[in-house]
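In: okay, sequence plus prediction incoming.
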Number of protein chains: 2
Amino acid sequence: MTTLRARQKEDRRNRIVSSAKTLFRKHGYEKTTIEGIAEAAGVSGVTVHNYYGTKAGVLLALVIESDKQLIERLEDSLSRDEDDLIELTIQFARHILDHAIANLDKEIWRQVIAAVTTSAGTQLTKAYFKLDQQLAFVLVRRIEALQAAGKIPESVNAVHLGKALFHLENARFIQFISSDDCTQKDIEERLRNDLTALFAVRAA
Amino acid sequence: MTTLRARQKEDRRNRIVSSAKTLFRKHGYEKTTIEGIAEAAGVSGVTVHNYYGTKAGVLLALVIESDKQLIERLEDSLSRDEDDLIELTIQFARHILDHAIANLDKEIWRQVIAAVTTSAGTQLTKAYFKLDQQLAFVLVRRIEALQAAGKIPESVNAVHLGKALFHLENARFIQFISSDDCTQKDIEERLRNDLTALFAVRAA
DNA sequence: TAAAATTTTTTATTCAATAAAAATTTATGC
DNA sequence: GCATAAATTTTTATTGAATAAAAAATTTTA
């Protein structure tokens, strides 16, 4: 049974997050004030704080929602007949970058990264890392498929490999958002260089 | 010719940074106020802002100084007869983690990462990334040495490999500081897993 | 429907950040 | 060597994030 209070609360959360997204996209992160978000959502500024703790908390909540959608779609949008691990990883990165810039611009993504690191241990950060984990496992499952197809040695630990590739992708993602000049193409090239070099270490 | 003004300015910079380091270590980042730093340094709060822009800017300045020392020493402290790339990289990571926790605690390193990402493009951030670059090249030179010794194929691009390994190490460093529970041992193990999996992709 | 419980709002405070005016100190020309 | 010009710091004031406590409003329940 959902009480009236629970429904009202849920409603306020939705209004706050959706107002925030509009304002962040319209005016950027810095110029958007908590008071502004509150007004657009029809609550008081303190209520926004009570709900999300900080302005960065509101941003994180909004990113978590959009990342859930990304994960839902990613599994399907990754081409199923790519049998080269390098190209697969680059495709994976491409989907993530596409999704990121479709939702928020670089300036705001920088705030996301900052928020995630400073507010380590909070509920929202845990939720964020859980989604990261799920993203990594999309790669893990593809690696297992490649192993089943004989494209990657069975001796390789798919979980370890997937996580390592995800970390690398993530490092390049952060590099992407950290500079306004860095293009998606730059990132793909760097990622390709990374993987080519790493995979060649033990090549015969 | 160094004018009196230039010397005074340099002096104030030193006092601000050194007061800040003391206070950050003593009371943590949040509880240290700009006004407190200013008082300890014998200047006004606005002067601290004029010099470093933000509280995070002061922190960054202080980290850059200490990272310069790290780089100076790192080249020598890395064992010269380690011929396994995995162990070399782990050793590299160990030195960086050791240096990090010897200087500031995790809470403050989180603020450093946040500051670097949010204030992308500023002078201090550029200086920070330049040092990162130098760190990566310590690895690159070791890789070249391993190639010369026939331990790694000459076909591998040492610069690409060094940078990729550095990114991986950096990702694990951020993971280290992001959780109070994560030990250095955990990080070494994860890094070993990363590299073992990556290097085994093309293994015969 | 009235009392109790919960939640939001009001009010107030601290601190970061920024801007403009005022004051101080250093540098320079006579 | 002193008066004036230039540069730099400090004072003062304002906005906004974050937090806490009291007051007000609304929902729940008895």
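Out: Thanks, I have the structure now.

In: hang on, isn't A:V43 packed against A:R12?
Out: Yes: the pair A:V43 / A:R12 is scored as a contact, 5.7 Å apart, by CB atoms under 8 Å. For glycine as for every other residue, the C-beta is placed from the backbone atoms N, C-alpha and C.

In: so for the longest helix that chain A contains, what's the average pLDDT?
Out: In chain A, ranked by residue count with DSSP state H as the criterion, the top helix is helix A:123-148. Average pLDDT, helix A:123-148: 96.

In: what is in contact with A:V43 and A:R12 at once?
Out: Counting by CB atoms under 8 Å, 6 or more residues apart in numbering or on different chains, no residue touches both A:V43 and A:R12.

In: what helix or strand is the residue positioned nearest the centre of chain A on?
Out: The structure's chain A has its C-alpha centroid closest to A:D67; by CA atoms, centre = their mean the separation is 5.4 Å. Using DSSP states H and E, A:D67 maps to helix A:55-77.

In: packing partners of that helix?
Out: Applying 3 or more CB pairs under 8 Å, 6 or more residues apart in numbering or on different chains; DSSP states H and E, one finds that helix A:55-77 contacts helix A:4-27, helix A:34-41, helix A:45-52, helix A:85-103, helix A:106-118, helix A:123-148.

In: need the winner for burial among those.
Out: helix A:106-118 (a mean of 21; mean count of other CB atoms under 10 Å in any protein chain shown).

In: what's that helix packed up against?
Out: Packing partners of helix A:106-118 (3+ CB pairs under 8 Å, 6+ apart): helix A:55-77, helix A:123-148, helix A:158-178, helix B:106-118, helix B:158-178.

In: got the angle between the last one and helix B:123-148?
Out: Read it as helix B:158-178. Angle, helix B:158-178 to helix B:123-148, by axes from the mean of the first three to the mean of the last three CA atoms, to 10 degrees: 120 degrees.

In: residues contacting the residue nearest to A:E35 when sequence neighbours are not counted?
Out: In space, and not counting its chain neighbours, A:E35 is closest to A:G45: 4.7 Å by CB to CB, 6 or more residues apart in numbering or on different chains. By CB under 8 Å, 6+ apart, the contact list for A:G45 reads A:34-35, A:38.

In: outline the domain layout of chain A.
Out: A:1-53, A:63-200 (automatic domain parsing).

In: wait, does the last one contact DNA strand C?
Out: Think domain A:63-200. No: taking CB under 7 Å from any atom of the strand as the criterion, domain A:63-200 and DNA strand C are apart, separated by no less than 11.6 Å.

In: list the contacts of the lowest-mean-pLDDT helix or strand in chain A.
Out: Using mean pLDDT, DSSP states H and E, helix A:4-27 stands out as the lowest-scoring helix or strand of chain A, at a mean of 92. With CB under 8 Å, 6+ apart as the test, helix A:4-27 has contacts from A:32, A:36-38, A:40-43, A:47-48, A:51-52, A:58-59, A:61-62, A:65, A:104-105, A:108.

In: what stretches of chain A score poorly on pLDDT?
Out: Scanning chain A with the threshold set as pLDDT under 70 gives A:1, A:204.

In: what does it put close to DNA strand D?
Out: Close to DNA strand D, as judged by CB under 7 Å from any atom of the strand, chain A has residues A:3-6, A:8, A:32-35, A:45-46, A:49, A:53-56.

In: 6 Å instead, please
Out: Neighbours of DNA strand D within chain A, by CB under 6 Å from any atom of the strand: A:3-5, A:33-35, A:46, A:49, A:53-56.

In: let's have these in JSON lines, adding distance to DNA strand C.
Out: Formatted as JSON lines, the residues of chain A next to DNA strand D follow (distance: CB to the nearest atom of the strand, whole Å):
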{"residue": "A:T3", "distance to DNA strand C": "9"}
{"residue": "A:L4", "distance to DNA strand C": "10"}
{"residue": "A:R5", "distance to DNA strand C": "5"}
{"residue": "A:T33", "distance to DNA strand C": "12"}
{"residue": "A:I34", "distance to DNA strand C": "11"}
{"residue": "A:E35", "distance to DNA strand C": "10"}
{"residue": "A:V46", "distance to DNA strand C": "4"}
{"residue": "A:H49", "distance to DNA strand C": "8"}
{"residue": "A:G53", "distance to DNA strand C": "13"}
{"residue": "A:T54", "distance to DNA strand C": "13"}
{"residue": "A:K55", "distance to DNA strand C": "13"}
{"residue": "A:A56", "distance to DNA strand C": "13"}
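
In: of the residues you listed, closest to chain B?
Out: Chain B has its nearest neighbour among those in A:A56, at 9.4 Å by CB to the nearest CB.
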